[in-house]
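Trainee: Here is my input, please return the structure:
(one chain, ligands or ions: 1)
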Amino acid sequence: MTEPVTLRERLRALPTFPRPGLPVLDPGAAPATPHELFTTWLDDAIETGVLAPHAVVLSTADAAGNVHARTVILKDVTDEGWWFASQSGGPKGRDLEANPHASMTFLWPGRGRQVRVTGTAAPADPETSRADFLARPDLSRAAGLVDRQSEPLGSLAEYDAAFAAALQAVTADRGLVAPGWTAFVLAPTDVEFWQASDDGPHVRLRYREADAGWATGLLWP
Ligand SMILES: Cc1cc2nc3c(=O)[nH]c(=O)nc-3n(C[C@H](O)[C@H](O)[C@H](O)COP(=O)(O)O)c2cc1C
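Mentor: The predicted model follows:
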């Protein structure tokens with residue numbers, strides 16, 4: 001057999017999911033809320049060793065409609081929504097201030113699964129943000145205190161100096177909180193669960209916010 005040579009051929013030859021052995025999404029057995037199904041899938045991803053199952057692509061858009069996406073860490077899922085934390089003064093914070101519409105995309109390829117959470121994101125109250133910051137390890141608190149995220153950086157040495165000063169500050173004062181550190185919660189209006197199958201079509205189940213709870217429906221794959 002000839003080896004694929006062009007990039008196009010190599011990409012075409014790559015597997016996407018570990019088939020067979022994928023789990024099955026049974027729409028008839030779906031729980032009443034997307035929160036419950038998400039938690040079940042997240043637990044499954046953790047238990048089956050998916051790397052960084054809590055890493056999620058967060059998409060935002062500015063007031064002009066320019067879209068920006070980046071990975072963040074999922075901090076929690078509660079009745080209020082899906083939580084993450086960041087500097088509020090950086091690009092994503094500015095986007096959300098101008099336009100709260102946002103979306104999270106989880107990909108757990110080892111399980112053939114994608115989840116899309118769409119809604120509006122809002123900053124939590126200052127006490128929640130403060131608690132999130134203080135729960136971070138020293139190095140993460142120092143990185144948070146440096147701030148200036150996504151601004152142009154002159155040299156690595158410049159960052160090293162700022163980080164060293166921040167580390168000294170957070171270890172000297174264990175109650176010190178970075179002023180811009182913010183916990184955000186994405187309150188969903190729409191959550192879609194996508195499950196690849198071993199041999200049939202992909203199954204897509206959408207939850208939409210309804211007057212009383214959540215309405216579910218299938219989507220064409
Ligand atoms: C696996 C992973 C996890 C990350 N987690 C966070 C996070 O929880 N919060 C955060 O602000 N940035 C996180 N980042 C960095 C962001 O992807 C991004 O570079 C940074 O937040 C600046 O984004 P912005 O310029 O769009 O505001 C993470 C990056 C990776 C690769």
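Trainee: centroid residue for this protein?
Mentor: Nearest to the geometric centre of the chain sits V56, at 2.6 Å (CA atoms, centre = their mean).
Trainee: can you pull the contacts of that one?
Mentor: T71, V72, I73, L74, W82, F84, M104, T105, F106 (CB atoms under 8 Å, 6 or more residues apart in numbering). Yep, even glycine has a C-beta here, placed from its N, CA and C like the rest.
Trainee: That one and the ligand: what is the separation?
Mentor: 9 Å (CB to the nearest ligand atom, to the nearest Å).
Trainee: does that residue sit in a helix, a strand or a coil?
Mentor: Put simply, V56 is strand when judged by DSSP: H, G, I helix; E, B strand; the rest coil.
Trainee: Buried residues in stretch 98-110, which are they?
Mentor: For stretch 98-110, burial by neighbour count (16 or more other CB atoms under 10 Å) applies to N99, P100, A102, S103, M104, T105, F106, L107, W108, G110.
Trainee: Mind checking which of these are in strands?
Mentor: Using DSSP state E, the members of the buried residues of stretch 98-110 that fall within strands are A102, S103, M104, T105, F106, L107, W108.
Trainee: Surely the first one and D62 touch.
Mentor: Meaning A102. No. In this structure, A102 is not within contact of D62 by CB atoms under 8 Å, at 11.6 Å.
Trainee: which residues do these two both contact?
Mentor: D95.
Trainee: that older thread, with distance to G200 and pLDDT as extra columns, can I get the contacts of V56 in CSV?
Mentor: Shown next, in CSV, are the contacts of V56 (distance: CB to CB, whole Å; pLDDT from 0 to 100):
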residue, distance to G200, pLDDT
T71, 31, 98
V72, 33, 98
I73, 33, 97
L74, 30, 98
W82, 29, 98
F84, 34, 98
M104, 27, 98
T105, 23, 99
F106, 22, 98
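Trainee: near the ligand, which of those residues show up?
Mentor: Near the ligand, judged by CB under 6 Å from any ligand atom, the entries from those are T71, V72, I73, F84.
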